[in-house]
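>>> How does the following fold in three dimensions:
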Amino acid sequence: MIDIKIIRENPELVKENIKKKFQDEKIPFVDEIIEKDRQRRDTQVKIDQYRKERNDLSSQIGLFMREGKKEEAENNKKRVNEINQELVRLEELERELAEAIQNRMMVIPNMIDKSVPIGKDDSENVEIEKFGEPFVRDYEIPYHADICENLGGLDKESAGRTSGNGFYYLIGDIARLHEATIAYARDFMISKGFTYAIPPFMIRSDVVTGVMSFAEMDAMMYKIEGEDLYLIGTSEHSMIGKFKGQIIDEAELPIAMTSYSPCFRKEVGAHGLEERGLYRVHQFEKQEMIVLCKPEEAMEWYNKMWSYTVEFFRSMGISVRTLECCSGDLADLKVKSCDVEAWSPRQQKYFEVGSCSTLGDAQARRLGIRMKTENGNQYLATLNNTVIASPRSLIAILEQCYQKDGSVKIPKVLQPYMGGLEVLQPKLKEKGE
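Purely as a prediction, here's the structure:
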């Protein structure tokens, strides 16, 4: 949510930003907000005037009674009653106007950074840089689900019986490799000075609407029936929500934290779920990083954060690239965002394994997170970034480390988390199995 002062002072700038997001249907909201804001402020002036008049009249009633001026006192009481009735009407009108403004403000997209490329959707995102070679093997690399199954590590059939499409069992060394990447990601971020946390995996609706847009919430979140609770789609949600309503001393900033959580997503949309694979699923695990900082430091942190993800994947020998998200691919609260994508030697193309975003003060404004400064309390900036999301990271490792004989080399940095195991060997199956 942007500052309403921007709409008051420069509505055309806000409209142009909406056009860059290809959300022209929201343009009329700007003029509606301006008009309703004018009405609300006029109403508030009247409310203040009536309250002052009521206080003045009320203070005179006792004086009139002591002086025996009953008629004057009764006239004042009558007028106070009239004012009270009018105040009830005006206060309800002010509340309705404030709610109407808030509802429109919640869907106005954040002001994007000037550096963001203009484009309608993710097909117009722009490659920034490659890290490592996008190589092609001289032998066939199977589909990642087949690699997992040959290693005795995946059972989607049983998950279909217990939970339905979009779920899976990871078994044996594949399960260990999955957890090894998460554990290594945790330690990697701790080495960068981030504080480790395990947050709640369910959050209330006021936190959900504080960290994301309504459209994202409808497409992503699972609601707990009969409770004001939602399963998190990423630990960023509860980690930013941790600071809801807080005033943080400027000297305590920046706050840099890394968090582990399972994540749950509906995955509603055109992409759909994979019947056999692990790329798009309802449940996965993630190591996240979040930063709360002064607004002027946000872009410096943004560049640090995505570079940490690149460094993390390169330390495992995984080839990746960074992709700048265009205006139409940015969620409404985001100022700027880039994806980290891993190379798929099987498909000979890149696929997303993480995303880094700076949101300006949008989340802080929605959640009431401020910093205490010499010049008073101000909203701070929030950022988030994926260190690793598995099983997508698992797919990258399996494909890029797959050997001609069907084995998979374990990256050296992960071997200590695997009990020193260096290679995953395929499980030989008897004929007829």
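>>> how about the helices in this protein?
For the chain, the helices defined by DSSP state H occupy 4-9, 11-20, 27-66, 70-105, 144-150, 156-162, 172-191, 205-211, 214-220, 235-241, 298-315, 362-367, 392-400.
>>> Between those, which one is closest to residue 138.
Between residue 138 and the helices of the chain, the tightest spacing by C-beta to C-beta is seen for helix 392-400, at 14.6 Å. The C-beta positions use only the backbone N, C-alpha and C, and glycine is treated the same way.
>>> Now do that closest one: which elements does it pack against?
helix 144-150, helix 172-191, strand 336-344, strand 349-358 (3 or more C-beta pairs under 8 Å, 6 or more residues apart in numbering; DSSP states H and E).
>>> Go again with 6 Å.
Contacting helix 392-400 under the criterion 3 or more C-beta pairs under 6 Å, 6 or more residues apart in numbering; DSSP states H and E are the following elements: helix 144-150.
>>> Including mean neighbour count, mean pLDDT and distance to residue 247, could the helices of the chain go into JSON lines?
Listed next are the helices of the chain as JSON lines, based on neighbours: other C-beta atoms under 10 Å; pLDDT from 0 to 100; distance: least, C-beta to C-beta, whole Å:
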{"stretch": "helix 4-9", "mean neighbour count": "14", "mean pLDDT": "94", "distance to residue 247": "20"}
{"stretch": "helix 11-20", "mean neighbour count": "16", "mean pLDDT": "97", "distance to residue 247": "28"}
{"stretch": "helix 27-66", "mean neighbour count": "14", "mean pLDDT": "93", "distance to residue 247": "25"}
{"stretch": "helix 70-105", "mean neighbour count": "14", "mean pLDDT": "93", "distance to residue 247": "22"}
{"stretch": "helix 144-150", "mean neighbour count": "22", "mean pLDDT": "95", "distance to residue 247": "47"}
{"stretch": "helix 156-162", "mean neighbour count": "13", "mean pLDDT": "93", "distance to residue 247": "45"}
{"stretch": "helix 172-191", "mean neighbour count": "19", "mean pLDDT": "97", "distance to residue 247": "27"}
{"stretch": "helix 205-211", "mean neighbour count": "20", "mean pLDDT": "93", "distance to residue 247": "16"}
{"stretch": "helix 214-220", "mean neighbour count": "15", "mean pLDDT": "78", "distance to residue 247": "27"}
{"stretch": "helix 235-241", "mean neighbour count": "26", "mean pLDDT": "95", "distance to residue 247": "15"}
{"stretch": "helix 298-315", "mean neighbour count": "19", "mean pLDDT": "98", "distance to residue 247": "19"}
{"stretch": "helix 362-367", "mean neighbour count": "25", "mean pLDDT": "96", "distance to residue 247": "11"}
{"stretch": "helix 392-400", "mean neighbour count": "25", "mean pLDDT": "96", "distance to residue 247": "37"}
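>>> Switch these over to JSON lines; also include distance to residue 266.
Shown next, in JSON lines, are those (distance: least, C-beta to C-beta, whole Å):
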{"stretch": "helix 4-9", "distance to residue 266": "32"}
{"stretch": "helix 11-20", "distance to residue 266": "27"}
{"stretch": "helix 27-66", "distance to residue 266": "27"}
{"stretch": "helix 70-105", "distance to residue 266": "24"}
{"stretch": "helix 144-150", "distance to residue 266": "22"}
{"stretch": "helix 156-162", "distance to residue 266": "17"}
{"stretch": "helix 172-191", "distance to residue 266": "22"}
{"stretch": "helix 205-211", "distance to residue 266": "13"}
{"stretch": "helix 214-220", "distance to residue 266": "6"}
{"stretch": "helix 235-241", "distance to residue 266": "14"}
{"stretch": "helix 298-315", "distance to residue 266": "25"}
{"stretch": "helix 362-367", "distance to residue 266": "21"}
{"stretch": "helix 392-400", "distance to residue 266": "17"}
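>>> Residue 118 is nearest to which of the ones you listed?
Set against residue 118 and scored by C-beta to C-beta, the helices of the chain come closest in helix 11-20, at 5.5 Å.
>>> C-alpha coordinates for that closest one, CSV please?
In CSV, the C-alpha atoms belonging to helix 11-20 read as follows (Å, rounded to 0.1, in the frame of the first residue of the first chain):
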residue,chain,number,x,y,z
PRO,A,11,-2.2,11.4,-9.0
GLU,A,12,-1.0,11.3,-12.6
LEU,A,13,2.2,9.6,-11.5
VAL,A,14,0.2,6.9,-9.7
LYS,A,15,-2.0,6.4,-12.8
GLU,A,16,1.1,6.1,-15.0
ASN,A,17,2.5,3.5,-12.6
ILE,A,18,-0.8,1.5,-12.9
LYS,A,19,-0.5,1.6,-16.7
LYS,A,20,3.0,0.2,-16.5
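>>> okay, the angle between it and helix 27-66?
Angle between the axes of helix 11-20 and helix 27-66 is 140 degrees (criterion: axes from the mean of the first three to the mean of the last three C-alpha atoms, to 10 degrees).
>>> residue contacts, residue 330?
Applying C-beta atoms under 6 Å, 6 or more residues apart in numbering to residue 330 gives the contacts residue 337.
>>> how about it, phi and psi?
Backbone torsions of residue 330, given as degrees, to the nearest 10, read phi -80, psi 130.
>>> ok, it to residue 339 distance?
11 Å (C-beta to C-beta, to the nearest Å).
>>> Residue 423 and residue 81: what is the separation?
From residue 423 across to residue 81, the span is 87 Å (C-beta to C-beta).
>>> I should have written residue 158 there, sorry.
Residue 158 sits 72 Å away from residue 81, going by C-beta to C-beta.
>>> before we move on, the earlier item: of the helices of the chain, which approaches residue 383 most closely?
Closest among these, using C-beta to C-beta: helix 298-315, at 5.5 Å.
>>> Remind me what that closest one packs against, helices and strands.
With contacts taken as 3+ C-beta pairs under 6 Å, 6+ apart, helix 298-315 sits against strand 349-358, strand 381-390.
>>> residues touching residue 148, list them.
Contacts of residue 148 by C-beta under 6 Å, 6+ apart are 154, 174.
>>> picking up where we left off before, among the helices of the chain, which is nearest residue 406?
With C-beta to C-beta, the closest approach to residue 406 among the helices of the chain belongs to helix 144-150: 5.8 Å.
>>> gap between that closest one and the chain center?
32 Å (C-alpha atoms, centre = their mean, to the nearest Å).
>>> what's the answer for stretch 153-166, then?
28 Å.
>>> got it, and stretch 411-426?
33 Å.
>>> Let's see it as PDB, backbone CA atoms only.
Only the C-alpha atoms of stretch 411-426 are listed here, as PDB (Å, rounded to 0.1, in the frame of the first residue of the first chain):
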ATOM      1  CA  PRO A 411      28.100 -31.700  -4.200                       C
ATOM      2  CA  LYS A 412      31.100 -31.500  -1.800                       C
ATOM      3  CA  VAL A 413      29.500 -28.900   0.400                       C
ATOM      4  CA  LEU A 414      26.500 -31.300   1.000                       C
ATOM      5  CA  GLN A 415      28.500 -34.400   1.700                       C
ATOM      6  CA  PRO A 416      29.100 -33.600   5.500                       C
ATOM      7  CA  TYR A 417      25.300 -33.400   5.800                       C
ATOM      8  CA  MET A 418      25.000 -36.800   4.100                       C
ATOM      9  CA  GLY A 419      27.300 -38.700   6.500                       C
ATOM     10  CA  GLY A 420      30.200 -38.400   4.000                       C
ATOM     11  CA  LEU A 421      28.300 -40.000   1.200                       C
ATOM     12  CA  GLU A 422      29.700 -38.900  -2.200                       C
ATOM     13  CA  VAL A 423      27.500 -40.600  -4.800                       C
ATOM     14  CA  LEU A 424      23.900 -41.800  -4.900                       C
ATOM     15  CA  GLN A 425      23.700 -45.100  -6.700                       C
ATOM     16  CA  PRO A 426      20.700 -46.400  -8.600                       C
END
